[in-house]
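In: Everything below, folded, please.
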Amino acid sequence: MNRNRSAPWLLTSLCVLLAGLAGARAENWPQWRGPNDDGISHETNLPTEWSAAKNVAWKLDLPGMSGATPVIWGDRIFLTSEDGNDVVLISISTEGRELWKRKLATGKARFRNDEGNQASPSPSTDGRHVYTFTGTGDFACFDFAGNEVWKFNAQERYGRFRIQHGMHVTPLLYGDRLYLSLLHSNGWYVIALDKATGKDVWKIRRDSDARAECKESYASPCMWHNGSEAYLIVHGCDYTTAHRLTDGQEIWRVGDLNPKNAYNMTLRFVTTPVATPDLIVVPSAKSGPVVGVKPDAKGMVTTGSPFELWRKGRITPDVPSPLVHDGLVYLCRENGTLICLDAKTGKDIYQERLHGGRYRASPVYADGKVYCTARDGTTSVVKAGPKFQLLAANKLPDQIAASPAIANGRIYLRGFGTLYAIGRAEVK
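Out: Numbering: from 1, shown residues only. The predicted model follows:
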């Protein structure tokens, strides 16, 4: 009798346990650098090899080009795209079916031929809402059903953009806020927004003595966090700065990224730093330096500062962002050279050439592998670790500038014409 009464409780507990295990297996990809803003996924059993005819679970034609990384939450994928003369947000099921599409802005500008457009910034999601920003300055929030929650234009609110190659910055979603850096020739601002309303929490001016093209930045903000501690990192205009989340006040500033005694008027920053609890990797541009910064830095950090762990010259990626995993730093340069450094010392581990061609996507780590995607649709899969081992070079018939997104046992690759779900068709 007692055993029979306990059966429903045991069944319920088993269901909860199984649901928890399933949830632990699956991982969302809520913004362009993944669940922890560092390009790392904990998904396993991912394919190493694929082609147009192998290990493609499904593919979906898209209405136009974009370098924006898709974001995934549960059974939903969101991405931004050019669509004729418009920029749109598209909601797609993880079975490859378009659910809805919403217009975000009007504008078909192309920058540097095929390097970017008004749909370049990536969306982000917290599981209830999806947040979008466009090169026209239109900032919007939608719920998962496609209903608009709020919208405003950043050029109307903060001033007209003056930036040579267009505004491509992706806002950072963290906690209850969205963080936006607008660094261009008509204003240098760092802004915190309430994600529920789109209203300013704070806005600060971020001063710089940068000149010419260096007054403009294409890099996105990132977050350093360790337990309950966190601060915002902003990159551009010859410096990298850290800011308090409460009011935006500057904590530290990394200099000598564009030395005044050999100033490069074209050293605009595109690549975004990456932060771990023990190390912040600060890149620059055009064969400039890469700096390993201690997270407890204060004030001005220049060459030889005690707040530097290391500084390496002439190895920076120009567009792809750094990746840090298991004590190693991976730098994928625009020509396909993969550089591996010791995270604590900056010591060279290896430099190896991957597939030739332009690289714009940032490398990601998952399942013991580093994935580096070239513009011609070739993804080089490298075994993670101090010994270089190229496991595969996988070609898709598309141009790809977006970084890979990984969730639910699949790798999502957003081409200019097609979204590819790489994985076995039976994976749910």
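
In: When you work out contacts or count neighbours from here on, use the C-alpha atoms and nothing else.
Out: OK.

In: Check for me that Glu155 belongs to a helix.
Out: Actually, residue 155 is Gln rather than Glu. Yes: in this structure, Gln155 lies within a helix as judged by DSSP: H, G, I helix; E, B strand; the rest coil.

In: residues in contact with it?
Out: When contacts are counted by C-alpha atoms under 8 Å, 6 or more residues apart in numbering, Gln155 is found next to 136-137, 161.

In: From those residues, keep the buried residues only.
Out: Of the members of the contacts of Gln155, the ones counted as buried by neighbours, 16 or more other C-alpha atoms under 10 Å, are 136-137, 161.

In: pLDDT-wise, which helix or strand of the protein ranks last?
Out: Least confident helix or strand of the chain, by mean pLDDT, DSSP states H and E, is helix 2-25 with a mean of 42.

In: Would you list the strands that the helix or strand following it pairs with, along with their directions?
Out: Taking DSSP states H and E as the definition, the helix or strand that follows helix 2-25 towards the C-terminus is strand 56-61. Here strand 56-61 is paired, per DSSP bridges, with strand 418-422 (antiparallel).

In: for the strand it pairs with, what is the average pLDDT?
Out: Averaged across strand 418-422, the pLDDT comes to 98.

In: Contacts made by it with the rest, please.
Out: 47, 50, 55-62, 96, 398, 410-414.

In: now with 6 Å?
Out: Counting by C-alpha atoms under 6 Å, 6 or more residues apart in numbering, the neighbours of strand 418-422 from elsewhere in the structure are 55-62, 410-413.

In: and these, which two are the farthest apart?
Out: In the contacts of strand 418-422, two members sit farther apart than any others by C-alpha to C-alpha. They are Asn55 and Leu62, at 19.9 Å.

In: Which of those two has more residues huddled nearby?
Out: Remark: of Asn55 and Leu62, Leu62 carries more neighbours, 20 against 17, as counted by other C-alpha atoms under 10 Å.

In: ok, now which ones touch Phe78?
Out: Counting by C-alpha under 6 Å, 6+ apart, Phe78 makes contact with 70-71, 90-91.

In: What about those, which one has the most neighbours?
Out: Counting neighbours by other C-alpha under 10 Å, Val71 comes out on top of the contacts of Phe78 with 29 neighbours.

In: correct me, but Val293 touches Val282?
Out: No: applying C-alpha atoms under 6 Å as the test, Val293 and Val282 come out as separate, 7.2 Å apart.

In: And these two? Which one has more around it.
Out: Applying other C-alpha under 10 Å to Val293 and Val282 shows that Val282 carries more neighbours, namely 25 against 22.

In: any idea how far the more buried one is from Thr170?
Out: When C-alpha to C-alpha, to the nearest Å is the yardstick, Val282 and Thr170 sit 18 Å from each other.

In: got it, and Arg206?
Out: Taking C-alpha to C-alpha as the criterion, Arg206 is separated from Thr170 by 18 Å.

In: show me what contacts Thr170?
Out: By C-alpha under 6 Å, 6+ apart, the contact list for Thr170 reads 121-122, 220.

In: From Ala26, how far off is the residue lying closest to it once chain neighbours are set aside?
Out: When the adjacent residues along the chain are set aside, Thr170 lies closest to Pro121, with 4.7 Å between them (C-alpha to C-alpha, 6 or more residues apart in numbering). When distance is defined by C-alpha to C-alpha, Pro121 is 25 Å away from Ala26.

In: Pro306 now?
Out: From Pro306 across to Ala26, the span is 41 Å (C-alpha to C-alpha).

In: where are the low-confidence patches of the chain?
Out: Counting by pLDDT under 70, the ranges of the chain that qualify are 1-25, 426-428.

In: Could you rerun that using 50?
Out: For the chain, the stretches with pLDDT under 50 are 1-24, 427-428.

In: Can you show me the helices along it?
Out: Taking DSSP state H as the criterion, the chain contains helices spanning 2-25, 154-158.

In: and the shortest one, which residues are buried?
Out: By 16+ other C-alpha under 10 Å, the buried positions in helix 154-158 come out as 154, 158.

In: With just CA atoms, put that helix into PDB.
Out: As requested, the backbone C-alpha atoms of helix 154-158 are provided in PDB (Å, rounded to 0.1, in the frame of the first residue of the first chain):
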ATOM      1  CA  ALA A 154      20.400  55.400 -32.000                       C
ATOM      2  CA  GLN A 155      21.400  58.200 -34.500                       C
ATOM      3  CA  GLU A 156      18.300  60.200 -33.400                       C
ATOM      4  CA  ARG A 157      19.100  59.600 -29.700                       C
ATOM      5  CA  TYR A 158      22.900  59.900 -29.600                       C
END
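
In: Fine by me, we can end here.
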